[in-house]
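**Student:** What follows is a protein structure lacking sequence information:
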């Protein structure tokens, strides 16, 4: 079993301090759950996977070779 990945502090600080513009005391007072919720607000919504008919249309429009 491998060790869990290290927490991405650089990314978290860049987001909280940079993107959100939080002052350091607010960033360090935030819980991981609060930071994750703020990050989700800026993450684009995931697109749904195409259904069979959409996939068939794409394959017909862009055939391989």
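**Tutor:** Perfect, I can see it now. This is a predicted model, so every value here is computed, not measured. Numbers count the residues shown, from 1 in each chain.

**Student:** By mean pLDDT, flag the weakest helix or strand of the protein.
**Tutor:** helix 32-42 (a mean of 89; mean pLDDT, DSSP states H and E).

**Student:** Could I get the average pLDDT for the helix or strand just after it?
**Tutor:** With elements assigned by DSSP states H and E, the helix or strand that comes after helix 32-42 is helix 52-61. Mean per-residue pLDDT for helix 52-61: 92.

**Student:** Stretch 14-28 now?
**Tutor:** The model assigns stretch 14-28 a mean pLDDT of 95.

**Student:** What is the neighbour count of residue 12?
**Tutor:** 16 (other Cβ atoms under 10 Å). Yep, even glycine has a C-beta here, placed from its N, CA and C like the rest.

**Student:** doesn't residue 36 make contact with it?
**Tutor:** No - if you go by Cβ atoms under 8 Å, residue 12 and residue 36 don't touch, sitting 9.4 Å apart.

**Student:** which residues sit against the least confident helix or strand of the chain?
**Tutor:** Contact with helix 32-42 is made by 12, 15-16, 19-20, 30, as judged by Cβ atoms under 8 Å, 6 or more residues apart in numbering.
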